[in-house]
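1. From the sequence below, what's the structure:
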Amino acid sequence: MEHLPEGTDPRSGYCSSDGIYYSKRPPVWIPPTRNFDLVSFVFAPQFGDRVAMVDAPTGRSLTYAQLERNVRVVAAGLYKNLGVRQYDVVMLLSPNSIEFAVVFFAVMSLGAVLTTVNSVNTTGEIQKQMNDAGAKFIITTAALTEKIAGVDLPVVIFGDDEVVPSFGSRATHRYSELLRTDTNGVPRIQISQDDIAALLYSSGTTGLSKGVVVTHRNFISCSCLYNSGVDEVFSSDHVLLVLLPMFHVYGLAICTMCSLARGIKVVVMPQFNFVEMLSFIQTYKITHLPLVPPIIIALAKQDVVLKFDLSSLFQIGSGAAPLGKDILSLCAKRFPNVKLKQGYGLTESTGACSTAPTNVSDMDAHYGASGILLPNTQGMIIDPVTNKPMPPTKQGEFWIRGPSIVKEYFKNPKATSETIDKDGWLHTGDLVMIDNDGYIHVLDRLKELIKYNAYQVAPAELEALLLSHPSILDCAVIPYPDEVAGQIPMAYIVQKPGKKFTEDEIMDWVGKQVAPYKKVRKVAFINAIPKSASGKILRRELLQSATAKPRL
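-> Numbering: from 1, shown residues only. Okay, the predicted model is just below:
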């Protein structure tokens, strides 16, 4: 492996002289041109009459030529009808759709910034993100307009059939209006790869939700690294099903953007339904199926799967959380001809840092691993106690560096300095081991986030909410293991003297104020929350108590 620095172990990629793990994959070319944008990059190959996107329920489709035309026309509509200008922030609140992708590219073609939001978030959560991002425009569906009632910003509504409520003084536009815009008179915007393309909100490695600044260079680099083609040959016959939410970096960058950049057909599910997913795989002869662990568990265990013809499947991808060996084995038995490709990534890495090679025979020896580093990417395993880099088979915090790693959190220098150091290393907060073959094994989370399905839940946010309850004296929220969801939020509650309420009452109270994935799903009462001398909650003690087997 001539591309590895001198003294690097070709088997693991570890260099003992600097403590860095180098990717065993050959480096790939990333466009160096400074004035270059994501939209120009994605549509440069000119895939023309090849089908780009299909709406799964209706079969409605766009070719690559039609998709690019819609992007240019909608961009003109945003510019002329709404007044969107370079660096303006546009909020997109919508389920998955072909139009979601059109808006994603249209906004960026103007040099404006897109911020995506989970459509199940509450009005308060949406308002908070809107204010933090400094959004000037909103694009949403008629069904979701009630969540932005009272917001005095121009709004674009998808669809023509739905009745749209009156917004008073707000300017309201139909998406169909934008599609009729003349593109003449729209200036060509000079965009730098270093310009912000999107603000994707994530709880990051610590604390509350923060805007992750993703540049055009980050997106372009992500596509180049993920689509390097070293491990598999990409074909125009491939068909990928996007059922993961497009507001999330996995659904947006990895599933949608990377797929379109390599010219394959993308079939879009507006909402996830397990049986509908199986039907769409059969109907559209899906070859590539990116998933999260709970859906893979259902694929491996539920008998309804056997009623459908899924023989077109070539590859199932897994991300967002590690999969256990037992589930991987069950899935391999049910789908013996399907390649299982597990990966690892974060919003702060624009979605991916590592993937499992699909052209090697030794993957069976690394079941449960999240693959090896992507090209142009470096890693370190840092001992949390000594802060020194660790060799293969030793555990430590995973640090990552590469062109897809973002530079900062939006207007949050404190959070940035705590997570991304001056040398460009992203401190993931994950406890990881890299084995002698360079495979990455995610063991645990040093960070205190709860991973409920593919969602990140910050204990601090739920604790702040619980402490606002007049009858709660103190509290702590921990990640309680769950076979389906991975983890669920569990709350330990200290009640005020003389106050009595039930577990269900607390869960209902929290559930009315947060998005469904943030709900507290288990409650226990305790006399005092264990804390360190510095006042930090000793969550590990609570977790050990919660998961301890009762004595016989």
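2. Which neighbouring elements make contact with the longest helix belonging to the chain?
-> Counting residues, the longest helix found in the chain (DSSP state H) is helix 64-77. The contact analysis (3 or more CB pairs under 8 Å, 6 or more residues apart in numbering; DSSP states H and E) places helix 64-77 against helix 38-43, strand 51-55, helix 98-109, helix 175-178. Backbone N, C-alpha and C define where each C-beta goes, glycine included.
3. in its sheet, what does the helix or strand following that helix sit against?
-> Next along the chain after helix 64-77, taking DSSP states H and E as the criterion, comes strand 89-93. Paired neighbours of strand 89-93 in the sheet (DSSP bridges): strand 113-117 (parallel), strand 135-141 (parallel).
4. Quick check: mean pLDDT of the helix or strand harbouring Leu240?
-> For Leu240, the element it lies in under DSSP H and E is strand 239-242. What strand 239-242 shows for mean pLDDT is 97.
5. Run through who's touching that strand.
-> Residues from elsewhere that reach strand 239-242, judged by CB atoms under 8 Å, 6 or more residues apart in numbering: 56, 96, 251, 255-256, 259, 264-269, 277, 280-281, 284-290, 312.
6. Just the residues you listed: which are in strands?
-> Lys265, Val266, Val267, Val268, His288, Leu289, Pro290 (DSSP state E).
7. just the residues you listed now: which is nearest Ile220?
-> Among those, Val266 lies closest to Ile220 (CB to CB), at 18.4 Å.
8. number of nearby residues for that closest one?
-> 25 (other CB atoms under 10 Å).
9. Double-check it against Met53; I have them as touching.
-> Yes: Val266 lies in contact with Met53 (CB atoms under 8 Å); the separation is 5.0 Å.
10. Find residues that contact each of those two.
-> Counting by CB under 8 Å, 6+ apart, the residues touching both Val266 and Met53 are Ala101, Leu260.
11. all helices for the stretch 101-250 of the chain, in order.
-> Per DSSP state H, counting those that start in this stretch, the stretch 101-250 of the chain carries helices over the ranges 123-133, 175-178, 216-226, 249.
12. Among those, which comes closest to Phe308?
-> helix 216-226 (28.4 Å).
13. Next up, phi/psi of the residue lying farthest from the centre of the chain, please.
-> The outermost residue of the chain relative to its centre, with distances by CA atoms, centre = their mean, is Gly498 at 44.0 Å. Main-chain dihedrals, Gly498, degrees, to the nearest 10: phi 80, psi 0.
14. Show the buried residues in the contacts of strand 239-242.
-> Those of these that meet the buried threshold are 56, 96, 251, 255-256, 259, 264-269, 277, 280-281, 284-290, 312, by 16 or more other CB atoms under 10 Å.
15. was I right about Thr8 contacting Cys15?
-> Yes: counting by CB under 8 Å, Cys15 is a contact partner of Thr8 at 4.3 Å.
16. Are there residues contacting both of these two? Which ones?
-> Common neighbours of Thr8 and Cys15 (CB under 8 Å, 6+ apart) are Tyr22.
17. Could you tell me which ranges of this protein sit under the pLDDT cut-off?
-> Counting by pLDDT under 70, the chain contains low-confidence ranges at 1-2, 160-170, 203-208, 229-232, 320-326, 359-364, 444-447, 532-536, 549-552.
18. Quickly list the domain ranges of it.
-> 37-45+62-191, 453-547 (automatic domain parsing).
19. Columns distance to Thr393 on top of those, output as CSV?
-> Formatted as CSV, the domains of the chain follow (distance: least, CB to CB, whole Å):
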stretch, distance to Thr393
domain 37-45+62-191, 38
domain 453-547, 24
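20. For Gly319, give me its contacts.
-> Applying CB under 8 Å, 6+ apart, the residues contacting Gly319 are Tyr250, Ile254, Pro290, Val292, Gln342, Gly343, Tyr344, Gly345, Ala352, Ala454.
21. Inside strands: which ones of these?
-> Pro290, Gln342, Gly343, Tyr344.
22. Show me what the second one is bridged to.
-> Beta-bridge partners for Gln342, by DSSP bridges, are Ser318.
23. Same check on the first one?
-> The residues paired with Pro290 through beta bridges, assigned by DSSP bridges, are Gly317.
24. these two touch, right, it and Tyr250?
-> Yes: if you go by CB under 8 Å, Pro290 and Tyr250 touch, sitting 7.2 Å apart.
25. shared neighbours of the two, anything?
-> Leu244, Gly319.
26. Would you mind extracting the C-alpha trace of stretch 255-265 into CSV?
-> Taking C-alpha atoms only, stretch 255-265 is exported to CSV below (Å, rounded to 0.1, in the frame of the first residue of the first chain):
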residue,chain,number,x,y,z
CYS,A,255,-28.9,8.1,0.8
THR,A,256,-30.0,11.0,-1.5
MET,A,257,-27.1,13.2,-2.4
CYS,A,258,-24.5,10.5,-2.8
SER,A,259,-26.9,8.3,-4.8
LEU,A,260,-27.8,11.1,-7.2
ALA,A,261,-24.1,12.0,-7.6
ARG,A,262,-23.4,8.6,-9.0
GLY,A,263,-26.4,8.4,-11.3
ILE,A,264,-28.6,5.7,-9.8
LYS,A,265,-32.4,5.6,-9.4
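27. Contacts made by that stretch with the rest, please.
-> So stretch 255-265 is contacted by 38, 41-42, 45, 47, 50-54, 64, 67, 101, 104, 219, 222-223, 226-227, 234-236, 238-240, 242, 244, 246, 266, 284, 288, 290 (CB under 8 Å, 6+ apart).
28. and with 7 Å instead?
-> Residues outside stretch 255-265 that contact it (CB atoms under 7 Å, 6 or more residues apart in numbering) are 42, 45, 47, 50-52, 54, 101, 219, 222-223, 226-227, 234, 236, 238-240, 242, 244, 246, 266, 290.
29. Next: stretch 178-190.
-> So stretch 178-190 is in contact with 35, 70, 72-81, 86, 110-111, 156, going by CB under 7 Å, 6+ apart.
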